[in-house]
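J.: Next one to model:
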Amino acid sequence: GRVLKTMVERGSYVSRNQPVAQLDVRIASLSATEAKAHVEMAQTHKAAAQTECARAEQLFQLGAISQQEYDRQSTSCKNADSSAAAAGTRWALAREAQSNGTVRAPFAGLVSERYVSVGEYVMPATRVAHIVDIDTLRLELTIPEQNMSAVREGLKVEFQVGAFPDQTFTGVVHYIGPSIRATTRDLVFEALVPNKDKLLRPGLFATARLEAGN
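T.: Here you go, the predicted structure:
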């Protein structure tokens with residue numbers, strides 16, 4: 001649909017399920033209304049068919065109708081059930097299309113880029129915004145191969161970044177590379193860094209110290 005409104009800008013913090021953009025869903029709304037009407041008609045037809053089926057069952061047991069007539073009525077009941085189920089599915093799909101007119105953030109984070117503006121037409125595959133979760137960051141580090149035995153999961157890492165030279169941040173080693181890089185002869189490992197105050201940003205260069213004691 002066409003974008004009617006955008007609710008975020010670059011740098012905006014969004015919570016999970018917070019609206020990011022609103023699309024024009026008037027056509028989807030009409031389809032949902034039509035689908036609902038079809039559901040009501042199908043349910044009415046189904047109820048009438050069930051009444052006829054119950055009546056046919058009684059008459060067949062009494063020998064008042066033939067096997068052929070009974071089978072015809074049973075088939076009519078089954079078709080009514082199928083039609084009602086199909087109408088319900090179409091209505092559910094129409095309501096989903098209608099609800100998709102509000103594009104929501106899949107998780108909490110910062111908007112690093114908004115790709116659409118009011119008036120643009122978007123498809124299901126269109127990128128609307130890029131959201132980055134920065135509550136916990138991954139600090140990528142390297143260590144020479146001769147020191148690789150000093151790295152193990154759970155070790156504490158202290159580091160500093162140029163943006164905050166007087167502040168020391170901490171993380172814990174969680175991921176260790178499976179092999180030494182052939183070109184640089186070092187080992188890549190990563191530490192998870194809590195970032196609840198959101199001071200740190202992805203892409204910062206860090207100088208780290210690893211406490212590799214016993």
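J.: how much space between the residue nearest to Gly162 when sequence neighbours are not counted and Arg152?
T.: Nearest residue to Gly162, sequence neighbours excluded (Cβ to Cβ, 6 or more residues apart in numbering): Phe205, at 6.5 Å. Heads up, the C-betas are built off the backbone N, CA and C, glycines and all. Phe205 sits 25 Å away from Arg152 when distances are taken as Cβ to Cβ, to the nearest Å.
J.: and what of Asp186?
T.: For Asp186, the distance to Arg152 - Cβ to Cβ - is 16 Å.
J.: For stretch 152-169, what is the spacing between the initial and final residues?
T.: The first and last residues of stretch 152-169 sit 19 Å apart, counting by Cα to Cα, to the nearest Å.
J.: same thing with stretch 6-25?
T.: End-to-end distance for stretch 6-25: 15 Å, by Cα to Cα.
J.: If we go by neighbour counts, what in it is buried?
T.: 6-8, 12, 14, 20-23, 25 (16 or more other Cβ atoms under 10 Å).
J.: average pLDDT for that stretch?
T.: Averaged over stretch 6-25, pLDDT sits at 91.
J.: From the rest of the structure, what touches it?
T.: With Cβ atoms under 8 Å, 6 or more residues apart in numbering as the test, stretch 6-25 has contacts from 1-5, 97-98, 100-114, 116-118, 122, 128-129, 131, 198.
J.: Could you rerun that using 6 Å?
T.: The contact list for stretch 6-25, computed with Cβ atoms under 6 Å, 6 or more residues apart in numbering, reads 1-5, 98, 101-105, 107-108, 110-111, 114, 128-129.
J.: just stretch 44-63 next, same as before
T.: For stretch 44-63, the surrounding residues in contact (Cβ under 6 Å, 6+ apart) are 65, 70, 73, 76-77, 80, 84.
J.: let's see 7 Å
T.: Defining contact as Cβ atoms under 7 Å, 6 or more residues apart in numbering, one finds that stretch 44-63 is touched by 65, 70, 73-74, 76-77, 80-81, 83-84.
J.: Correct me if wrong: Val173 contacts Phe159.
T.: No - taking contacts as Cβ atoms under 7 Å, Val173 lies outside contact range of Phe159: 11.9 Å.
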